[in-house]
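> sequence first, then the predicted structure:
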Amino acid sequence: MPGYEVLGEEEKKEILEVLETGVLFRYGFPTQRQGRYKVEAFEKAFAAFTGRKQALAVSSGSTALKVALAALGVGFGDEVITTGFTFVATWEAILEAGAVPVFTEIDDSLNLDPDDLARKITPRTRAVIPVHMLGAQARIQEIMEVASRHNLPVIEDTAQAAGGFLQGKALGSFGSIGTFSFDSVKTLTTGEGGMLIMDDPELYRRASEFHDHGHDHIGTDRGLEGRSFIGFNYRMMELQGALGLAQLRKLPDMISRQRMNKGRLKAALSVLKGVGFRHLPDPDGDTATFLAFFLPDAEKALAFKEMAGKAGVGLVYFLQNTWHYYRNWEHLLGQKTPCRNGWPYRAEGGRDLQYPPDALPKSDALMARTLVLPINIKMDETFFGKVEQLVAEANNKFF
Ligand SMILES: Cc1ncc(COP(=O)(O)O)c(C=O)c1O
C-alpha cells in the first residue's frame, strides 16, 4: 500500500515551491508566500476527487477522527459504535473525545457487520464509525440505513482506503464525515497527515475551528478575535500539503498498478484447495492494497502462513497481530492508562469500562482462518513465481 514507492520529481518540485517562500504555516503570510497555499490547494483537490463540498486537512488520520467527533458534538457519556477489526486509532479517538467505544462483530467483508450494529445501538449511542479496512468497502449502504433509522451520524474511517469507491461514489463520502490517513505506509502518503471530507458547511466550520484552537473561521477568513468553543492544534503544514498534491495526482495510477498485482496474486491463490476470498461489495472500487483470503480452519491457516514465510511470502494473521484486532488490544482489555485516577476506564459517577476478551466470538472464528497478503505498487515476476510455487507445494503437502 505505500505511496513512498513512487516518491519522485513531482514531490520534489512541490516541496521546493514551499521552501522557496519559506512559509511552512498553512495560514497567513500573504505577501511572503507568493500565492502558494499548498494545504488549501490539497484540500480543494481532495474534495473534488471525492465529490464532497468541503475538505479539511489535519495532522494525521487519528486526529481526523478526533476532530470529526468534536465537530459532531460527541463527548463524555456518549457511546460510539465501531468495529473490532481496525487500527487502535479508531477507538483511541473515541476515548480521547471522552466517549465510550462499543465494538461490533465483522462480517465476511472483514468490516463492521450492519446486523450487529443494529443490536449494539442504545439510547446513549451518538455516532457510528465503520472502517473500510484493508483498502476495501464496508457494507456502507446497509450501515447508513441502520444509522439513519436511529438518526445517528456516521463517520467513515477511510484511513486505509483513499481512492476507493463503491458503485462510483468515493469511500468516505457516504457518511456525515469521512476521515483519511496519509501516514507513511498509506497509498497516498504525506509522511504524517490526514483529511476530513463533508458537505455540511456548519460541520465544516466546527471542524475547522476545533482543529485550530477554536479560532473563528468565518467564511474564508481565519479570524483570531473570537472563539465559540475550545479546540486544539491538529493543523497540517505546507510541506505535507505539497506532498499530498503530488501524491493525489499519482493515486489513480498507484491503485491501478496495485490492482494488476492483486489480480495476478489472486489468480495464483485461487487454485489453493479450500481457499475462499473476502467479500468485496464492489471489486471495481477496491484500492487493492491487500488480498485477504480464508482457509478452512485455524490449523490450516497457520500451517500455510508458516510455509509461506519460509518461501519468502509474508502473510499477516490478524488474530495474532497486535495492532488491529480486538482480542490483541491488551492495554484496552486490561484497562491500562497513564492516568493515576483510572481515566478513561473509570470516572466519578461509577463509569467502569470493561472489555472482555471473548466479546466478539463471530469475529474470532472468522479471523482464526483469515490470512492477508499486502500488495505493493511495485512487485516483480520473481514474487509472483514464488506464490505460484508455494500454492502448488501446499496443495501437495497438506490439503
Ligand atoms: C483504520 C485506521 N484508522 C486510523 C488510522 C490512523 O491514522 P494515522 O496513522 O495517520 O494517525 C489508521 C492508521 O493506520 C488506520 O489504519
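Arrived safely. Residues are numbered from 1 along each chain as shown.

> check the residue of the stretch 51-200 of the chain found nearest the ligand and give its pLDDT.
Taking CB to the nearest ligand atom, the ligand has its nearest neighbour within the stretch 51-200 of the chain at Gly61, 2.5 Å off. (C-beta placed from N, C-alpha, C; glycine too.) Listed pLDDT for Gly61 reads 98.

> which ones are touching it?
Taking CB atoms under 8 Å, 6 or more residues apart in numbering as the contact definition, Gly61 lies against 89, 157, 159, 179-183, 186, 193-194.

> and the ligand, which of the residues you listed contact it?
89, 157, 159, 181, 183, 194 (CB under 6 Å from any ligand atom).

> give me the distance between stretch 61-80 and the centre of its chain.
In terms of CA atoms, centre = their mean, to the nearest Å, the centre of stretch 61-80 is found 15 Å from the chain centre.

> start and end of that stretch, how far apart?
Separation of the first and last residues of stretch 61-80 by CA to CA, to the nearest Å is 17 Å.

> stretch 195-213 too?
17 Å.

> re earlier: what about the residue lying closest to the residue of the stretch 51-200 of the chain closest to the ligand once chain neighbours are set aside, how many neighbours?
Excluding the flanking residues, the one nearest Gly61 by CB to CB, 6 or more residues apart in numbering is Ser181, at 2.4 Å. For Ser181, the tally of surrounding residues (other CB atoms under 10 Å) stands at 29.

> would you agree Ser181 is in contact with Gly172?
No - using CB atoms under 8 Å, Ser181 makes no contact with Gly172, being 11.1 Å away.

> what do those two both touch?
Common neighbours of Ser181 and Gly172 (criterion: CB under 8 Å, 6+ apart): Ala162.

> related to what we said a few turns ago, list the contacts of the residue nearest to Gly61.
Ser181 touches 60-62, 64, 89, 159-160, 162, 193-194, counting by CB under 8 Å, 6+ apart.

> can you report phi and psi for it?
phi -120, psi 140 (degrees, to the nearest 10).

> with the one 3 residues further on instead?
Geometry field for Ser184 lists phi and psi as phi -70, psi -10, criterion degrees, to the nearest 10.

> doesn't Leu7 make contact with it?
No - the criterion here is CB under 8 Å, and Ser184 misses it with Leu7 at 10.7 Å.

> quick one on the thing from earlier: among the contacts of Gly61, which are located in strands?
Judged by DSSP state E, the subset of the contacts of Gly61 located in strands is 157, 179-181, 194.

> need these in TSV (columns: pLDDT).
Below are those laid out as TSV (pLDDT from 0 to 100):
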residue	pLDDT
Asp157	98
Thr179	98
Phe180	98
Ser181	98
Gly194	98
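
> buried members of those residues into PyMOL, please.
Listed next is the PyMOL selection for buried residues among the ones in strands among the contacts of Gly61, using 16 or more other CB atoms under 10 Å:
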select buried, resi 157+179+180+181+194
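
> longest single strand anywhere in the protein?
strand 221-227.

> same for that strand, what does it pack against?
Secondary-structure packing of strand 221-227 (3 or more CB pairs under 8 Å, 6 or more residues apart in numbering; DSSP states H and E): strand 215-218.

> name the strands paired with the strand it packs on and say parallel or antiparallel.
strand 221-227 (antiparallel) (DSSP bridges).

> which element follows the strand it pairs with toward the C-terminus?
helix 238-269 (DSSP states H and E).
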